[in-house]
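**Q** the following comprises the amino acid sequence and a computationally predicted model.
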Amino acid sequence: MDWVVILAGGSGTRFWPLSSPAHPKQLLPLAEDRPSAVAAVAAIEPLVPRERILVVTGAQLAGPLQNALGLPAANFLVEPRAASTAPALVWASHEAHRRDPDAAILSMHADWHLGDGAAFRVTAAKALAAARAHDALVTVGVVPTREETGYGYLIRGAEVGDGVYRVQRFTEKPDLPTVRRLLADGAVWNSGLFAWTATRLLEETETHTPEVAGALGCLARGDVAGYFSAVTPVSIDVGLLERSRRVLMLAAAFPWDDIGTWEALARVRQPDRAGNVAIGPVHLLNTENCVVWSDGLPVVLSGVHDLVVVHANGRLLVLDRGQAANLKATLDQLPPDVQRLP
C-alpha cells in the first residue's frame, strides 16, 4: 500500500518573530488562510488515507500538530533529537515497513506551498508508481521560476520510460554563476518530494549511508532512542540520493514553493498593485514591494520600498527584503532576551 511521510520539524527561525515555540512555522497561515501542515494533509489525503499518513516531528511540536491535524496519535513519530532528514526518513520508512511490508512511501514537507492540489496528486501518484515499477528512489524536479541559490538542482539523464529519467547530476545550493550555467543546461530544482519502497530505501541506506546504517539494528530492536543517539546527522540528499545509483526523477506538474523566508510570501500571496503583501491591520502609503505582517498592532508604512516589516509576539522586525534569507544570522547577533520569544 501507499504511505505518506510528512516532515514537520524545524524551528522556523527565518519567520521570527511570528514563528515561536507556541506557534511554530508549520502551524502558521503563511501561504494561505490555514496552517501549512493542515494544507499538506488536505493536499495528499485524497490519494492516501489518513491512517497511512505519518508525521515526523519534535517533542515540542507533536502536541500542537496532533491537535491541528487530527491524525491518529500512533502516526506521529517524535524524534528524540533533530538529526536532519536522512535519519528521520529512514526511521519513518522502517516504521511503515513494520506496519506494512509492501509499503511504498511518498515523502513531503509540512511547510511547502502546493499551488494545485489535484496536479500535485497526479505527480505524487506517478512518483509512487515509478518507485515500484523501477525499484528505485524517485525525486521530483520543479522547473525553476527564478535564479535561486538556496535550492538544490538536478540535471536529468537518459529516459527510462513515461517521462521518468535517470539523474545525471546533483548540485546543492550553487552560487549565482553556477545557477546560471545550470539553468542554461536545463536543470530543475530538487523539490524534496521523494518516493520509494520501504524495502529499497532501507537497502540503499545500508549500502550507501554509513552515517545511519550502523544504527539500523537499533530500529530492528525497537530502540528509537538508541538509534537517534547513534546516527550522524545528514540530509537524505547528501547521505543517500547523491550516492545511490538507483535514483530517478520526473517533472512536477504543479506550482511549488518552499516557504523558507519572509521573502517567499511575496511569491505565494497575492500582492497589491504596488507589489506589496500585507497581512493584518496594515496601512500602506506610497509604499512598494514590501512584505508586512502584524498580529494586532496597526502598522503604517509611508514612502518606503523593498522592506519586510513584522510585528508579532511583542517584537518588531524591519528588514531589507534582500536580506530575508540571512535572518538567522541576524538573530544570532541579538541578546538572548530579545531573540527569545514569550
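**A** That came through, no problem. Numbers count the residues shown, from 1 in each chain.
**Q** when you work out contacts or count neighbours from here on, use the C-alpha atoms and nothing else.
**A** OK.
**Q** if we go by neighbour counts, what in stretch 13-32 is buried?
**A** Of the residues in stretch 13-32, 13-20, 24-28, 30-31 count as buried by neighbour count, 16 or more other C-alpha atoms under 10 Å.
**Q** you'd agree Tyr165 is in a helix?
**A** No - according to DSSP: H, G, I helix; E, B strand; the rest coil, Tyr165 belongs to no helix; its state is strand.
**Q** identify the residue spatially nearest to it, adjacent ones excluded.
**A** Leaving out its chain neighbours, the residue that sits closest to Tyr165 by C-alpha to C-alpha, 6 or more residues apart in numbering is Glu159, at 4.1 Å.
**Q** what's the spacing between the residue nearest the centre of the chain and Gln270?
**A** By C-alpha atoms, centre = their mean, the chain has its centre lying nearest to His109, at 3.7 Å. Going from His109 to Gln270 by C-alpha to C-alpha, to the nearest Å gives 23 Å.
**Q** before we move on, what about Pro144?
**A** In terms of C-alpha to C-alpha, Pro144 sits 20 Å off from Gln270.
**Q** domain-wise, how is this protein divided?
**A** The chain breaks down into these domains under automatic domain parsing: 2-258, 262-339.
**Q** can you give me the end-to-end distance of the first one?
**A** Between the start and the finish of domain 2-258 there is a gap of 24 Å, counting by C-alpha to C-alpha.
**Q** same question, stretch 254-272
**A** Its start and end residues considered, stretch 254-272 measures 24 Å (C-alpha to C-alpha).
**Q** likewise for stretch 264-278?
**A** 13 Å.
**Q** and that stretch, how far from the chain's centre?
**A** Taking the mean of its C-alpha atoms, stretch 264-278 sits 21 Å from the chain's own mean (C-alpha atoms, centre = their mean, to the nearest Å).
**Q** what average pLDDT does that stretch get?
**A** Stretch 264-278 shows a mean pLDDT of 95.
**Q** same check on stretch 22-42?
**A** What stretch 22-42 shows for mean pLDDT is 91.
**Q** I'd like the numbering to begin with 533 instead of 1 from here.
**A** Will do, 533 is the new start, and the previous item becomes stretch 554-574.
**Q** just the closest of the buried residues of stretch 545-564 to Leu725, please.
**A** Proximity of those to Leu725 (C-alpha to C-alpha) peaks at Gln558, which lies at 16.9 Å.
**Q** so the closest one belongs to a helix, correct?
**A** Yes - the assignment for Gln558 is a helix, going by three-state DSSP.
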